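In: quick one, structure for this:
(one chain, ligands or ions: 1)
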Amino acid sequence: MHDQELIACHDCDLLQRLPDLRTGQKARCLRCNATLGLRPKDSLNRSLSLTITALVLFVLANTFPFLSLTLQGQLVESTLISGALSLLEAGNPWLSSLVLLTTLIFPLMNLCALLYVLLSLRFNYGAERVRSLYRLITYARPWAMLEVMLLAALVAGVKLGDYATVITGFALYCFIALILILAAIDNTLDPRLIWRYVKQQEQL
Ligand SMILES: [Zn+2]
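Out: So this is what the prediction gives:
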């Protein structure tokens with residue numbers, strides 16, 4: 001019984017013990033049926049390949065133009081970083097740093113840390129940093145706001161459409177794919193796999 005984790009449902013707050021799930025099983029709340037835990041199949045390898053894909057998409061999304069505008073015959077191309085830097089030029093250093101932190105630095109840091117953690121689990125190497133890095137990922141996650149950024153960019157693009165011709169860039173598609181891949185990582189990654197590994201390493 002002591003192996004079963006006591007958790008509160010994130011939807012209805014009911015306290016219940018989470019059974020030790022087998023691969024492919026899902027635990028649901030007794031009262032409201034919300035998913036409380038899952039043990040996806042081949043979690044480690046799938047999360048690892050998704051994380052590598054996400055990193056490639058992240059680089060592409062930050063390299064190619066995000067949106068291009070043609071106004072009175074002039075073409076202006078904008079990347080994610082140039083957008084944040086133009087806020088700095090416009091005299092908004094705080095806003096510019098916030099955009100850079102939430103859309104570039106935190107998401108990149110999270111992905112790199114996750115890649116390290118998963119590689120460490122996969123190849124059983126460098127375990128001493130896994131605990132602190134996974135903690136960092138958990139704390140930094142709410143600050144990575146790529147979805148908000150995408151929504152803001154789309155709204156701005158639609159609004160600007162009244163005044164200029166807006167051309168969607170390759171980076172925009174990479175960005176959308178990146179958000180979908182990040183959601184897939186959340187559904188594939190089994191945090192208990194990581195904590196179990198940390199515990200095992202500490203007992204050695
Ligand atoms: Zn519930």
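In: list the buried residues for the strand or helix carrying residue 113?
Out: Using DSSP states H and E, residue 113 sits within helix 106-123. Neighbour-count burial for helix 106-123 flags 106-107, 109-111, 113-118, 120-121 (criterion: 16 or more other Cβ atoms under 10 Å). Yep, even glycine has a C-beta here, placed from its N, CA and C like the rest.
In: per-domain residue ranges of this structure.
Out: According to automatic domain parsing, the chain comprises the domains 1-39, 42-203.
In: most tightly surrounded among the ones you listed?
Out: domain 42-203 (a mean of 16; mean count of other Cβ atoms under 10 Å).
In: that older thread, nearest to the ion, of the domains of the chain?
Out: Closest to the ion of the domains of the chain, according to Cβ to the ion: domain 1-39, at 3.1 Å.
In: average pLDDT for that closest one, rounded please.
Out: On average, the pLDDT along domain 1-39 is 83.
In: any bit of that domain sitting next to the ion?
Out: Yes: taking Cβ under 5 Å from the ion as the criterion, domain 1-39 and the ion are in contact, through 9, 11, 12, 14, 29, 31, 32, 34.
In: now do the contacts for residue 87.
Out: 95, 96, 99 (Cβ atoms under 8 Å, 6 or more residues apart in numbering).
In: in JSON lines: the residues you listed, plus distance to the ion, pLDDT and secondary structure.
Out: Shown next, in JSON lines, are the contacts of residue 87 (distance: Cβ to the ion, whole Å; pLDDT from 0 to 100; DSSP: H, G, I helix; E, B strand; the rest coil):
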{"residue": "95", "distance to the ion": "38", "pLDDT": "89", "secondary structure": "helix"}
{"residue": "96", "distance to the ion": "41", "pLDDT": "90", "secondary structure": "helix"}
{"residue": "99", "distance to the ion": "36", "pLDDT": "87", "secondary structure": "helix"}
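In: OK, contacts around the nearest residue to residue 145 once chain neighbours are set aside?
Out: Spatial nearest neighbour of residue 145, chain neighbours left out: residue 102 (4.3 Å); criterion: Cβ to Cβ, 6 or more residues apart in numbering. Residue 102 is in contact with 143, 144, 145, 148, 149, counting by Cβ under 8 Å, 6+ apart.
In: quick check, the third one in contact with residue 104.
Out: No: in this structure, residue 145 is not within contact of residue 104 by Cβ atoms under 8 Å, at 10.9 Å.
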